[in-house]
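Engineer: how would this look folded up:
(chains A and B)
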Amino acid sequence: DAGVTQSPTHLIKTRGQQVTLRCSPKSGHDTVSWYQQALGQGPQFIFQYYEEEERQRGNFPDRFSGHQFPNYSSELNVNALLLGDSALYLCASSVGQGPIDGYTFGSGTRLTVV
Amino acid sequence: LAKTTQPISMDSYEGQEVNITCSHNNIATNDYITWYQQFPSQGPRFIIQGYKTKVTNEVASLFIPADRKSSTLSLPRVSLSDTAVYYCLVGDKDQAGTALIFGKGTTLSVSS
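Structural biologist: Model (predicted):
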């Protein structure tokens, strides 16, 4: 049973560029959440997608956007990249938006902005 | 989710028991205490959850006193592979749509 799959695993972008990260949820899961984890910090919630709609959003600017497809996979898009966007981006899937112990995380995409 | 406080780091040696305490003074009646573990270059993974008294599984034990204002994650006889960051979260176990709110966690370093 495949867990959460994220691609790519590593990415280097230039300041001002745009990036798209991808996530395939665990089999049987229909909800995808995205987190940003800076070095030495805990993961910070970006947003959650359920039924192809953004259901919750953390304190992130509009430069961060997402999409969920009918097969439950998801994309995270970040426009106008800043050096401070360098981080590990984690995708977590769950059934029906939770509960708190029901999240499965992927290994993340390491984004470096230069 | 209720705010939690836990030590930033702990050091231990192989074979020792490690206890990580988490304070959650504002825990609500419906809240459960949940712990996640994160290895380097991986996403967090759920390890244990409890409401009161003691919970034990194949990975760890969770001790929760009667007032529930704190909890202790106990890792028996740690090995080098237990080196990781441990996060304590408090929230309604069954509430849909609960976004996980992580603090900085406790970085456990196990040496030989």
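Engineer: what about the residue nearest the centre of chain B, helix or strand, and which?
Structural biologist: In chain B, the C-alpha nearest the mean C-alpha coordinate belongs to residue B:35, at 3.5 Å (CA atoms, centre = their mean). Assessed by DSSP states H and E, residue B:35 sits inside strand B:31-38.
Engineer: got the phi and psi for residue B:81?
Structural biologist: phi -70, psi -10 (degrees, to the nearest 10).
Engineer: which residues sit in contact with the residue lying closest to it once chain neighbours are set aside?
Structural biologist: Setting aside the residues directly before and after it, residue B:81 is nearest to residue B:110 in space (CB to CB, 6 or more residues apart in numbering or on different chains), at 8.0 Å. Where C-beta positions appear, they are placed from N, C-alpha and C, glycine not excepted. Residue B:110 sits next to B:11-14, B:18, B:78-83 when contact means CB atoms under 8 Å, 6 or more residues apart in numbering or on different chains.
Engineer: what's the helix or strand just after the strand holding residue B:35 packed up against?
Structural biologist: Following strand B:31-38 in sequence order, the next helix or strand is strand B:45-50 (DSSP H and E). With contacts defined as 3 or more CB pairs under 8 Å, 6 or more residues apart in numbering or on different chains; DSSP states H and E, the packing partners of strand B:45-50 are strand B:31-38, strand B:61-64, strand B:70-75.
Engineer: between those strands, which one is closest to residue A:80.
Structural biologist: Nearest to residue A:80, of all the helices and strands packed on strand B:45-50, is strand B:31-38, at 29.2 Å by CB to CB.
Engineer: ranking the helices and strands packed on strand B:45-50 by burial, who's on top?
Structural biologist: Scoring these by mean neighbour count under mean count of other CB atoms under 10 Å in any protein chain shown gives strand B:31-38 as the most buried, with a mean of 23.
Engineer: quick check: neighbours of it in the sheet, parallel or antiparallel?
Structural biologist: Strands adjacent to strand B:31-38 in the sheet, as given by DSSP bridges, are strand B:45-50 (antiparallel), strand B:84-92 (antiparallel).
Engineer: need phi/psi at the closest residue to chain B within chain A.
Structural biologist: Proximity to chain B, evaluated over chain A using CB to the nearest CB, is greatest for residue A:105 at 2.7 Å. Main-chain torsions, residue A:105, degrees, to the nearest 10: phi -100, psi 150.
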